[in-house]
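Student: Fold the following and give me the result.
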Amino acid sequence: MKTTLELPDVLLKQVKLRALRDGRKLKDAVADLLRKGLKSAADAEPAAAEPVIKTDPKTGLPVVQCKQAAPPGQEMTPERVAEILLAQEAGWHHGARG
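Tutor: Numbering: from 1, shown residues only. So this is what the prediction gives:
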C-alpha cells in the first residue's frame, strides 16, 4: 500500500543511510523499523493480568476476580445472570419446537 508521510529531514536521512548500509530499499527499511518500533511498544505495555479463579468457601462455586472492572452495564450481577439464563432457556425451547 502506498502512503505519504512527512518526516523530519534528519530522521529521513538516518533511515536512508541505514537502508543504504544494509543494502535494502528505503521502503523495506522503513517497514522493518516500524515493525520493530510497534513490537517494542507492545512489549513495553503492561500485560493484561490474567483473571484469578477461586472457589467461594460458602457456596463452592467458582468466583472470577479480574484486575479491571467491567464496563458499565456489563457487570455480572445476579440480575444479569438471570436474564442471560432466561434468554438461553427461551432459545432452547424455541429451538425444540422446530
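
Student: which helices and strands does the helix or strand containing A29 pack with?
Tutor: Taking DSSP states H and E as the definition, A29 sits inside helix 26-44. Judged by 3 or more CB pairs under 8 Å, 6 or more residues apart in numbering; DSSP states H and E, the packing partners of helix 26-44 are helix 9-22. Every residue, glycine included, has its C-beta placed from N, CA and C.

Student: What lies in contact with the helix it packs on?
Tutor: The contact list for helix 9-22 (CB atoms under 8 Å, 6 or more residues apart in numbering) reads L7, K25, L26, D28, A29, V30, L33.

Student: Please identify the buried residues of that helix?
Tutor: Buried positions in helix 9-22, judged by neighbour count with 16 or more other CB atoms under 10 Å: A19.

Student: Show me how far that helix is from its chain's centre.
Tutor: Its chain's C-alpha centre and that of helix 9-22 lie 33 Å apart, by CA atoms, centre = their mean, to the nearest Å.

Student: what's L61 sitting at in phi/psi?
Tutor: With angles defined as degrees, to the nearest 10, L61 sits at phi -90, psi 150.

Student: and the helix holding A29, which residues are buried?
Tutor: Across helix 26-44, burial judged by 16+ other CB under 10 Å covers A29, V30.

Student: per-residue confidence averaged over that helix?
Tutor: Helix 26-44 comes out with an average pLDDT of 90.

Student: Return the distance of that helix from the chain's centre.
Tutor: The chain centre lies 18 Å from the centre of helix 26-44; the measure is CA atoms, centre = their mean.

Student: now it against helix 9-22, angle please.
Tutor: Put simply, helix 26-44 runs at 110 degrees to helix 9-22, going by axes from the mean of the first three to the mean of the last three CA atoms, to 10 degrees.

Student: Show me the contact partners of helix 26-44.
Tutor: Outside helix 26-44, the residues that touch it by CB under 8 Å, 6+ apart are V15, K16, R18, A19, D22, R24.
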